[in-house]
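Participant: sequence and predicted structure below; questions after.
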Amino acid sequence: MANNFTSDSNAKALYSLESGALGTDSLNATNMTNSGVTANTSEFREKAASGSFVAASTQYMFLANSSLPAGFPFKSDDSVKSGSISAWVYMNSLPSGANVIWSKYNSVTAEERSISVQVRNYSGSAKATMALGYASGTAVEVVPEHATALSLTTWYHITWTYNNTDKSYGIYIRDVNGNTVGVDKTGTATLDVNKLSVTTGPMTVGCFYVSGAPFANYIMNGLIDELVVFNDILTAAESTQIAKGIYGIKYSGYIGDLKLGHNVLGSRGLSK
């Protein structure tokens with residue numbers, strides 16, 4: 001089976017990371033510039049390839065804030081400041097900082113911190129978390145991490161969510177069968193009275209920026225597949241549906257004597 005994100009108007013970008021189209025957004029043409037990422041056609045989770053990121057070669061993808069369309073989550077003029085990122089992640093190693101999956105973040109000189117989703121190094125353990133910028137991008141809060149220590153050379157589907165209305169966040173991890181890994185992590189960020197900052201920092205996949213360039217200790221070393229950006233909050237159940245490859249799929253017909261009719265699983269665009 002394969003997910004169908006076309007019926008969900010809240011899905012704003014889909015990067016399948018296929019050969020010859022690594023930075024291509026197949027939903028809304030929010031295409032990224034590829035800086036050295038190659039296609040891995042032997043180890044992937046959907047279609048025929050994944051994106052291979054080598055930290056030592058500083059391989060990543062990027063797109064300027066000004067090139068993001070209106071309504072794209074965490075763009076500098078975003079009034080909602082909420083969204084979800086989901087992706088298949090396979091780590092070849094754990095750097096001293098983190099394997100960054102997706103970011104809208106540029107720190108130090110420019111002070112354009114907004115959001116970065118990552119698998120961070122906690123005393124040698126790889127744990128999923130996110131960094132949230134506030135105080136006009138000059139400060140950052142790293143939220144409490146998902147408790148499960150993730151293994152290297154293993155595929156995980158991870159969904160990160162942040163809701164600026166109440167500063168709540170979620171981190172949902174699934175295995176290759178769509179089963180829950182550990183205990184889903186939810187909580188509430190502290191930030192300040194103005195909550196999350198959305199800045200003019202670039203959107204990047206595989207790293208975040210420091211002073212306008214990838215930060216050496218926070219570059220992905222491994223594989224990413226089927227990365228999706230949403231401008232609303234995915235539920236734990238929807239994270240499971242994406243991992244199982246049944247998101248947005250309409251079913252009809254029979255299983256044994258059970259008539260399915262036209263049920264829709266995991267497609268808010270069709271079910272609402």
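Facilitator: It's in.
Participant: can you give me how far the helix or strand harbouring residue 238 is from the chain middle?
Facilitator: Applying DSSP states H and E as the criterion places residue 238 in helix 236-244. Helix 236-244 has its C-alpha centroid displaced from the chain centroid by 14 Å (CA atoms, centre = their mean, to the nearest Å).
Participant: list the contacts of the most centrally placed residue in the chain.
Facilitator: In the chain, the C-alpha nearest the mean C-alpha coordinate belongs to residue 85, at 3.1 Å (CA atoms, centre = their mean). Listed by CB atoms under 8 Å, 6 or more residues apart in numbering, the contact set of residue 85 reads 101, 102, 117, 159, 160, 227, 228, 229, 230. Bear in mind the C-beta positions are built from the backbone N, C-alpha and C, glycine included.
Participant: what's the helix holding residue 238 in contact with?
Facilitator: Here helix 236-244 has contacts from 1, 3, 86, 157, 159, 170, 172, 174-175, 177-178, 180, 184, 226, 228, 234, 247, 265-266, 268, using CB under 8 Å, 6+ apart.
Participant: would you mark the buried spots in that helix?
Facilitator: 238, 239, 240, 241, 242, 243, 244 (16 or more other CB atoms under 10 Å).
Participant: okay, the fourth one: pLDDT?
Facilitator: At residue 241, the pLDDT value in this model is 98.
Participant: distance of it from residue 229?
Facilitator: 17 Å (CB to CB, to the nearest Å).
Participant: do the same with the last one
Facilitator: Applying CB to CB, the value for residue 244 to residue 229 is 20 Å.
Participant: please apply the same query to the second one.
Facilitator: Distance of residue 239 to residue 229, given as CB to CB: 14 Å.
Participant: and residue 122, by the same measure?
Facilitator: Distance from residue 122 to residue 229, by CB to CB: 26 Å.
Participant: tally of neighbours for the nearest residue to residue 19 once chain neighbours are set aside?
Facilitator: If the residues on either side of it in the chain are set aside, residue 19 comes closest to residue 39, at 4.0 Å by CB to CB, 6 or more residues apart in numbering. The tally of other residues near residue 39 (other CB atoms under 10 Å) stands at 17.
Participant: what's residue 39 in contact with, if anything?
Facilitator: So residue 39 contacts 17, 18, 19, 20, 22, 49, 50, 51, 52 (CB under 8 Å, 6+ apart).
Participant: got those as CSV, with pLDDT and distance to residue 207 columns?
Facilitator: Listed next are the contacts of residue 39 as CSV, based on pLDDT from 0 to 100; distance: CB to CB, whole Å:
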residue, pLDDT, distance to residue 207
17, 98, 15
18, 98, 21
19, 98, 22
20, 97, 22
22, 98, 15
49, 98, 20
50, 98, 17
51, 98, 13
52, 98, 14
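Participant: which among the residues you listed end up buried?
Facilitator: 17, 18, 22, 49, 50, 51, 52.
Participant: pull the most distant pair out of those.
Facilitator: Across the buried ones among the contacts of residue 39, the longest distance by CB to CB is 12.2 Å; it joins 18 and 52.
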